[in-house]
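In: just to be clear, the model below is a prediction. Sequence and coordinates:
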Amino acid sequence: MIHLGFRLGIRLSVGVLLLAMVLPVGAEDNQDYTKGLEAYRAREYSTAVQRFQKVVEQSPDHAGSHYLLGLSLRANKQTSKALASLRKAAELDPGNATYAIALGQTLAQANQPNDAYLTLKKVNYSSLDARAKQSYAPAFAQAAIKAGFPGEAIPVLEAQTKATPKNADLFYSLGYAYNKQENHGKAFAAFKKSYELKPSDSKKGEAAVKSAISAGRRATGSKKDSYYSQGAAIAEKLAGASPTFDNFLLAGEAQLGAKDYQKALGWFDRARSKQPQNALVHYYHSQCNTNLGQYNSAITDLKQALKIGVSGKMRTQVHNQMGFVYDKTKKYDEAITAYKNAGNPRKVSDVEKKKADAAKNVEADKEKAAYGEKLRALEFQIKELEAIGEIEEANDLREHLKKLREQ
């Protein structure tokens, strides 16, 4: 199975509640403030920085001025300076959730997830208005997950996905959080919803397939089949839209899990045509052939993987698979060698016992055949004696033959 690697792709909101804050005294008539807002909205961030810097100089104790300067600096990619301004805003007005959210977002952008998490954790999500919640939820989720607390992100994301049920990125973040908690069933449901909402985003589809495979590996019965079949459907859609090696490989793996080995072979063939020197494809190909009872083809696949070069876990898997196939075909010496190469002493012992038992069976079969030949020789001798009139001797021999058969 391929490694599950999800990327956290939360987009931090840069929408700001510029008009919903307390303005500094005289701001209505302050040209720097007015021009700063105009520049920010026009995405002329350098101008906005210059204007709000003057506003801060005029009102150094006004939290909102530092906040606006911080947003402008952040938009102008001056992250360190933005953090200083936003920290000042939060310090001057520690109860203001808007400032805390902006600071947390910027800390996350600066790759300071622990500080972002601690900052945003202080904000009460349930007390925020709808617009603030939309900014807070993805920022807190990213910070909590990266800081190692995905369980804390889940209730916030669950609530926010209910409030904004068409936000594909939030469902993706929810899937990522569940994946970190190793709740693969719920991760799949969230990733699947994310992809359904935004089917043009292949990253979301890939995450859905990978989580379906993970969930399928751990499930049993009809649930197992359901995860794999759903994953296969998404994977085939991805491969159809974008015929890449990775998508072909995903489609093959999902079909392998769904036990549609013939279809899986087709996808692995297409993947192999893209990267013929990829040992993983040959390994998966061998699994399909093994399950289809095409053992010679399976061995060819595995030998090709070894020829390409494998190491570590993959090398162990290839040799174990080779041992299994040789065992199935009763090539015990080859199976023993393969299992030894895999570092699998238990299977070596199992096959050695099978080999010994098989040898005993061969010897027993030889003895049985020789005994049968002896009986047939006696029958022939009896007929010969009867033919020459030695009836008494023939009867004695017949009695002896009867006793031999009763043994």
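Out: Done, it's in. Residues are numbered from 1 along each chain as shown.
In: may I see the buried residues of the strand or helix carrying residue 196?
Out: According to DSSP states H and E, residue 196 maps onto helix 184-197. Residues of helix 184-197 classed as buried under the neighbour-count rule (16 or more other C-beta atoms under 10 Å) are 184-195, 197. Quick note: C-beta positions are derived from backbone N, CA and C, even for glycine.
In: kindly report the same for stretch 107-120.
Out: 107, 108, 109, 112, 113, 115, 116, 117, 119, 120.
In: do the same with stretch 90-107
Out: So, applying 16+ other C-beta under 10 Å, buried residues of stretch 90-107: 90, 92-93, 96-107.
In: still on that earlier bit, distance to residue 242 added to the buried residues of stretch 107-120, as CSV?
Out: Output for the buried residues of stretch 107-120, formatted as CSV (distance: C-beta to C-beta, whole Å):
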residue, distance to residue 242
107, 35
108, 30
109, 29
112, 35
113, 31
115, 38
116, 34
117, 35
119, 39
120, 36
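In: could you list which of the residues you listed belong to helices?
Out: Cross-referencing those against helices under DSSP state H gives 107, 108, 109, 113, 115, 116, 117, 119, 120.
In: and the residues you listed, which is closest to residue 307?
Out: Using C-beta to C-beta, residue 113 comes nearest to residue 307 of those, at 44.2 Å.
In: how close does the nearest residue to the closest one once chain neighbours are set aside sit to residue 354?
Out: Among residues not flanking residue 113 along the chain, residue 146 sits closest, at 3.5 Å (C-beta to C-beta, 6 or more residues apart in numbering). Residue 146 sits 51 Å away from residue 354, going by C-beta to C-beta, to the nearest Å.
In: those two: which is more packed in?
Out: Using other C-beta atoms under 10 Å, the more surrounded residue of residue 146 and residue 354 is residue 146, with 20 against 15.
In: do you know how far that one is from residue 159?
Out: Distance of residue 146 to residue 159, computed by C-beta to C-beta: 20 Å.
In: domain-wise, how is the protein divided?
Out: As assigned by automatic domain parsing, the chain contains the domains 1-147, 371-406.
In: turn the ones you listed into TSV, including mean pLDDT.
Out: Shown next, in TSV, are the domains of the chain (pLDDT from 0 to 100):
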stretch	mean pLDDT
domain 1-147	85
domain 371-406	76
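In: just say which of the ones you listed is most tucked in.
Out: Highest mean neighbour count among the domains of the chain (mean count of other C-beta atoms under 10 Å): domain 1-147, with a mean of 19.
In: just say helix, strand or coil for residue 43.
Out: Secondary structure assignment for residue 43 (DSSP: H, G, I helix; E, B strand; the rest coil): coil.
In: got the contact list for the nearest residue to it once chain neighbours are set aside?
Out: Sequence neighbours aside, residue 75 is the residue nearest to residue 43 in space, at 7.4 Å (criterion: C-beta to C-beta, 6+ apart). Taking C-beta atoms under 8 Å, 6 or more residues apart in numbering as the contact definition, residue 75 lies against 14, 40, 43, 45, 48.
In: how near is the most far-flung residue of the chain relative to its centre to residue 48?
Out: Within the chain, the residue lying farthest from the chain centre (C-alpha atoms, centre = their mean) is residue 389, at 86.3 Å. Relative to residue 48, residue 389 is positioned 130 Å away (C-beta to C-beta).
In: show me what counts as buried in whichever helix or strand residue 288 is part of.
Out: Element membership for residue 288 (DSSP H and E) is helix 279-291. If you call a residue buried by 16+ other C-beta under 10 Å, then helix 279-291 has these buried ones: 279, 280, 281, 282, 283, 284, 285, 286, 287, 288, 289, 290.
In: can I get the helix or strand that that helix is followed by in PDB, CA atoms only?
Out: Per DSSP H and E, helix 279-291 leads on to helix 295-308 as the next helix or strand towards the C-terminus. The C-alpha coordinates for helix 295-308 follow below in PDB (Å, rounded to 0.1, in the frame of the first residue of the first chain):
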ATOM      1  CA  TYR A 295       1.700 -17.500 -10.500                       C
ATOM      2  CA  ASN A 296       4.400 -17.500 -13.200                       C
ATOM      3  CA  SER A 297       3.400 -14.000 -14.200                       C
ATOM      4  CA  ALA A 298       3.600 -13.000 -10.500                       C
ATOM      5  CA  ILE A 299       7.100 -14.300 -10.200                       C
ATOM      6  CA  THR A 300       8.100 -12.500 -13.300                       C
ATOM      7  CA  ASP A 301       6.800  -9.200 -11.800                       C
ATOM      8  CA  LEU A 302       8.600  -9.800  -8.500                       C
ATOM      9  CA  LYS A 303      11.900 -10.600 -10.300                       C
ATOM     10  CA  GLN A 304      11.600  -7.400 -12.300                       C
ATOM     11  CA  ALA A 305      11.100  -5.400  -9.100                       C
ATOM     12  CA  LEU A 306      14.200  -7.000  -7.600                       C
ATOM     13  CA  LYS A 307      16.100  -6.300 -10.800                       C
ATOM     14  CA  ILE A 308      15.100  -2.600 -10.700                       C
END
